[in-house]
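Chemist: mind looking at a prediction? Sequence and model below.
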Amino acid sequence: MNLTSFKCCGMNNFETTEHIFLAGIKGVLPGKLINDLISLRGSLLKIGYMSYDLEKISNVYVVGAGKASAAMGHYVESILGDVIKDGHIVTKYGSSCKLRYIKVTEAGHPIPDPNSYRASEEIREIAVKAGEKDLVICLWSGGGSTLMADCPETSSPGEMALLNVKLVKCGADIREINAVRKHLSKIKGGQLALQIWPSSSVSILLSDVVGDPPDIIASGPTVPDNSTFSDAMAVIEKYGLKDEIPSGLINHLYEGTNGIRPETPKSGDAVFSKTVTFLAGSNKTALQAAKAEAEKLGFTTFIVTETLAGDIENACSFIVDSINNCKNNNSLQNPVCLLFGGETTVRVTGKGQGGRNQHLALSAAFRLRDIPGITLLAAGTDGNDGDTDAAGAVVDSDTIQKALSMNINPELYLKEFDSYHFFKSTGDHIRTGPTMTNVMDLIVVLI
């Protein structure tokens, strides 16, 4: 993906929304974020406000998981070089890059595969061997919960894969999904910190979660966990999954709620006394970069929210209400750009293919057909929407009529949750390929 070779004039509205979207991605590329956070001068390593004298540290290890973790590792290597004694990072297929001092494993997402489990065990081995005078640098980004996978001793990877499918499709949000994952794991929810102790550790996060809570990003392997076994069971019951999940996993959660299994470590636990966490980038960072670019293009630009969440239909209503408020505000000078960030959820009941951004765009297209002069783009900053090769899609006030003129039935595609094939037919996909970053979704609206 070339993030710099844009036309600066003569773009149509569809091209302009993509241009602004890509500017947002450029603002959260790992190279910029890591170089802003880490520096090495002689033997003095600075990470954020922390300083480490490498002459007093025996070994530096690097571990990580997530769609952006390999790229993050690349820039850590470019700063530390052979200071790194060993390391292991697991990332999604297609999101890897060649590293010299850190091993990289590509694995399955959104469903773990055997590589996910092998990589997790190797990461755990590095954590265990780290000693009191060592430093472990941890790189966590969106997708880490799936990519760094393990399972209870009474279960199997196949059963965990089934659980992940059920959780992803039931409409649960990422907090709920990760509450379950953390309590079926030996590394999530602060449990990797147990194994890193008594080594010092620094966790660098690229957030893909609304509000940027460290314990949710990649399921918080090295930070205190705010959720409990009871929370995990509540999610299973809320979405009616109790009879759809293997009994071994349910029994594990029941044993935890009854105190038979230990809880994940909480705030105040001694294992966190030598840990530090930094947020390197977030959806807000991307929105600010997109806003700056939109303003350069002459748009009166507003970041409406960085916490768009919940059901897609409710999110669409909020977006359209925001559009109408702008159109009815006579003090605003056109053109206007509205920016939304966050991560919606969708409960899939059809048999089609798509992702939350494509589904949101198609749903919005129906609402926009009565509001002339609107263009809307919805896409994932990681370049991948759902189980498809598209990042998202772009629609305008004429999308539904255009589809009908092509003998395409948009209502059928929406009902079947088949937004991917709808936009494949209309040619309105946004495709970036892997972006090497991940800070949830961006929605760009031009009025």
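Modeler: Here it is on my side, so go on.
Chemist: now do the contacts for residue 366.
Modeler: 400, 410, 414 (CB atoms under 8 Å, 6 or more residues apart in numbering). Yep, even glycine has a C-beta here, placed from its N, CA and C like the rest.
Chemist: quick one: residues contacting the first one.
Modeler: By CB under 8 Å, 6+ apart, the contact set of residue 400 is 365, 366, 369, 410.
Chemist: could you measure from it over to residue 368?
Modeler: 8 Å (CB to CB, to the nearest Å).
Chemist: what's the neighbour count on the nearest residue to residue 261 once chain neighbours are set aside?
Modeler: Nearest-residue entry for residue 261: residue 255, 4.9 Å, with adjacent residues in sequence omitted and distances by CB to CB, 6 or more residues apart in numbering. Per other CB atoms under 10 Å, the neighbour tally for residue 255 reads 14.
Chemist: what pLDDT is listed against residue 255?
Modeler: Model confidence at residue 255, given as pLDDT, is 96.
Chemist: still on that earlier bit, between the contacts of residue 366, which is nearest residue 335?
Modeler: Of all the contacts of residue 366, residue 400 has the smallest distance to residue 335: 22.4 Å, by CB to CB.
Chemist: quick check: which element contains that closest one?
Modeler: Using DSSP states H and E, residue 400 maps to helix 399-405.
Chemist: so for that helix, what gets flagged as buried?
Modeler: By neighbour count on 16 or more other CB atoms under 10 Å, the buried set for helix 399-405 is 399, 400, 402, 403.
Chemist: the last one is in contact with residue 428, isn't it?
Modeler: Just to be clear, that refers to residue 403. No. Here residue 403 lies out of contact with residue 428, judged by CB atoms under 8 Å, at a distance of 9.5 Å.
Chemist: residue 97: neighbouring residues, count only.
Modeler: 15.
Chemist: Three-state assignment for it, please.
Modeler: Using DSSP: H, G, I helix; E, B strand; the rest coil, the structure places residue 97 in coil.
Chemist: what do you get for residue 379?
Modeler: Relying on three-state DSSP, one would call residue 379 strand.
Chemist: rewinding a little: can you pull the phi and psi angles for the residue nearest to residue 261?
Modeler: phi -60, psi -40 (degrees, to the nearest 10).
Chemist: swap in residue 432?
Modeler: phi -120, psi -20.
Chemist: how about residue 306?
Modeler: phi -110, psi 10.
Chemist: number of residues surrounding it?
Modeler: Neighbours around residue 306, by other CB under 10 Å: 22.
Chemist: got it, and residue 352?
Modeler: Neighbours around residue 352, by other CB under 10 Å: 18.
Chemist: check contacts around the spatially closest residue to it that is not a sequence neighbour.
Modeler: For residue 352, ignoring the flanking residues on the chain, the nearest one in space by CB to CB, 6+ apart is residue 418 at 2.4 Å. For residue 418, the contact set (CB under 8 Å, 6+ apart) comprises 350, 351, 352, 353, 354, 412.
Chemist: measure residue 418 to residue 127 for me?
Modeler: In terms of CB to CB, residue 418 sits 43 Å off from residue 127.
Chemist: same question for residue 113.
Modeler: 22 Å.
Chemist: which one's more surrounded, these two?
Modeler: Between residue 113 and residue 127, residue 127 has the larger neighbour count (other CB under 10 Å), namely 25 against 17.
Chemist: counting neighbours, which of the contacts of residue 400 comes out on top?
Modeler: residue 365 (30 neighbours).
Chemist: residue contacts, that residue?
Modeler: Applying CB under 8 Å, 6+ apart, the residues near residue 365 are 376, 395, 396, 399, 400, 410.
Chemist: same thing with residue 44?
Modeler: 51, 52, 53, 54.
Chemist: which of those residues lies closest to residue 331?
Modeler: Using CB to CB, the contacts of residue 44 come closest to residue 331 at residue 51, 49.8 Å.
Chemist: helix, strand or coil: sort out that closest one for me.
Modeler: Strictly by three-state DSSP, residue 51 counts as strand.
Chemist: offset the numbering so it begins at 168, please.
Modeler: Shifting the count to begin at 168 puts that one at residue 218.
Chemist: partners of it in the sheet?
Modeler: residue 213 (DSSP bridges).
Chemist: quick check: it vs residue 360, distance?
Modeler: Applying CB to CB to residue 218 and residue 360 gives a distance of 21 Å.
Chemist: and these two? which has more neighbours close in?
Modeler: residue 360 (28 against 11).
Chemist: identify the residue spatially nearest to the more buried one, adjacent ones excluded.
Modeler: For residue 360, the spatially nearest residue (CB to CB, 6+ apart) is residue 389, at 4.5 Å.
Chemist: can you name the residues that contact residue 466?
Modeler: Counting by CB under 8 Å, 6+ apart, residue 466 has contacts 502, 503, 504, 613.
Chemist: isn't the second one up against residue 542?
Modeler: No. Checked against CB under 8 Å, the pair residue 503 and residue 542 is beyond contact range at 11.3 Å.
Chemist: now the phi/psi pair for residue 478, please.
Modeler: Residue torsions, per degrees, to the nearest 10, at residue 478 are phi -60, psi 140.
Chemist: what's opposite it in the beta bridge?
Modeler: residue 512.
Chemist: what ranges do the strands span in the stretch 418-567 of the chain?
Modeler: 442-448, 467-478, 503-512, 542-547, 559-563 (DSSP state E, counting those that start in this stretch).
Chemist: what's next to the first one, contact-wise?
Modeler: By CB under 8 Å, 6+ apart, the residues outside strand 442-448 that reach it are 194-195, 197, 200-201, 203-204, 214-215, 217, 239, 360, 363, 367-374, 379, 381, 389-390, 604, 606.
Chemist: domains of the chain?
Modeler: 196-317+352-394+431-448, 451-613 (automatic domain parsing).
Chemist: what's the burial count for the closest residue in space to residue 230 that isn't next to it in sequence?
Modeler: Nearest in space to residue 230, with sequence neighbours left out and distances taken as CB to CB, 6+ apart, is residue 290 at 4.8 Å. Applying other CB under 10 Å, we find 27 residues neighbouring residue 290.
Chemist: and the pLDDT for residue 290?
Modeler: 98.
Chemist: only the buried residues of the helix or strand hosting it, if you could.
Modeler: Following DSSP H and E, one finds residue 290 within helix 281-296. Buried residues in helix 281-296, counted by 16+ other CB under 10 Å: 282, 283, 284, 286, 287, 289, 290, 291, 293, 294.
Chemist: for residue 290, see how far away the residue nearest to the last one when sequence neighbours are not counted is.
Modeler: If the residues on either side of it in the chain are set aside, residue 294 comes closest to residue 362, at 4.0 Å by CB to CB, 6+ apart. The spacing between residue 362 and residue 290, counted by CB to CB, is 9 Å.
Chemist: touching both of these two, which residues are there?
Modeler: By CB under 8 Å, 6+ apart, the residues touching both residue 362 and residue 290 are residue 354.
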